[in-house]
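Trainee: when you get a sec, could you give me coordinates for this:
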Amino acid sequence: MHITTSQPSENRKTHGEHILINMTYIAKNVDLDSGIELTRALEYWRRYFEENDIVSALVISEGYFVQSFQGTRPAISIALEKILDKHSTIFPNIANIEEIESRQWDGFLIKHLTSSAENEEYALKSFSAGLDYNPYLMSSAQITSFLKAIFEDSESSKF
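Mentor: Now for the predicted structure:
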């Protein structure tokens with residue numbers, strides 16, 4: 001009896017490398033006490049995402065993070081694992097994971113919202129549960145709408 005085995009083609013993608021994923025999470029900043037620590041963490045993630053072909057949109061406001069990042073299924077899985085490992089004290093709450101046709105963001109976008117009247121419109125635009133900004137009270141649809149509104153309507157900083 002002769003058994004023939006063939007190696008998978010190099011072009012065959014067996015781990016989901018051909019599937020783009022969008023993952024959105026919210027978290028509360030409890031471990032990055034200073035601006036320097038936050039800046040270092042953001043630079044680390046900017047470089048990591050760039051090296052792994054992941055794009056991201058991040059809103060920081062009143063100690064909360066709302067972030068959407070997009071890349072291949074394996075890249076997003078590894079990034080989530082690293083976030084949980086490196087920043088276990090922020091404990092990200094995943095609001096949405098979905099397959100997408102194309103990337104929505106370009107690079108590593110960051111918007112820091114302050115409590116100014118100018119930013120209040122963005123912070124409350126998709127938020128109907130109260131007057132205070134708290135993304136934990138938003139539905140996943142509200143979070144998605146919130147990110148789109150912020151990055152479509154303004155000059156966002158590309159880190």
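Trainee: make it CA atoms for all contacts and neighbour counts henceforth
Mentor: Will do.
Trainee: at the geometric centre of this protein, which residue sits there?
Mentor: In the chain, the centroid-proximal residue (Cα atoms, centre = their mean) is S68; its distance is 2.7 Å.
Trainee: which one is that residue nearest to, not counting chain neighbours?
Mentor: Once flanking residues are discounted, S68 sits nearest to T24: 4.1 Å by Cα to Cα, 6 or more residues apart in numbering.
Trainee: surely the one you found touches E98?
Mentor: No - here T24 does not reach E98: they are 9.1 Å apart, not a contact under Cα atoms under 8 Å.
Trainee: which of those two has more neighbours?
Mentor: T24 (24 against 10; other Cα atoms under 10 Å).
Trainee: confirm the more buried one sits in a strand?
Mentor: Yes - if the criterion is DSSP: H, G, I helix; E, B strand; the rest coil, then T24 is within a strand.
Trainee: for N134, grab phi and psi.
Mentor: Main-chain torsions, N134, degrees, to the nearest 10: phi -150, psi 100.
Trainee: what about I21, neighbour count?
Mentor: 24.
Trainee: same thing with M138?
Mentor: If you count neighbours by other Cα under 10 Å, M138 ends up with 19.
Trainee: then the one 3 residues further on?
Mentor: By the measure other Cα under 10 Å, the count of residues near A141 is 11.
Trainee: check I94 too.
Mentor: 16.
Trainee: how close does the residue nearest to it when sequence neighbours are not counted sit to S56?
Mentor: Leaving aside its chain neighbours, I94 sits nearest to Y25 (4.2 Å; criterion: Cα to Cα, 6+ apart). According to Cα to Cα, to the nearest Å, Y25 and S56 sit 11 Å apart.
Trainee: what's the answer for T24, then?
Mentor: According to Cα to Cα, T24 and S56 sit 10 Å apart.
Trainee: shared neighbours, those two?
Mentor: Taking Cα atoms under 8 Å, 6 or more residues apart in numbering as the criterion, T24 and S56 both touch 67-69.
Trainee: which of Y25 and S56 has more neighbours?
Mentor: Comparing Y25 with S56 by other Cα under 10 Å, the one with more neighbours is S56, at 25 against 22.
Trainee: what's near enough to touch that one?
Mentor: 49, 67-70, 105-109.
Trainee: circling back to that earlier point, quickly list what's touching both of Y25 and S56.
Mentor: Joint contacts of Y25 and S56 (Cα under 8 Å, 6+ apart) are 67-68.
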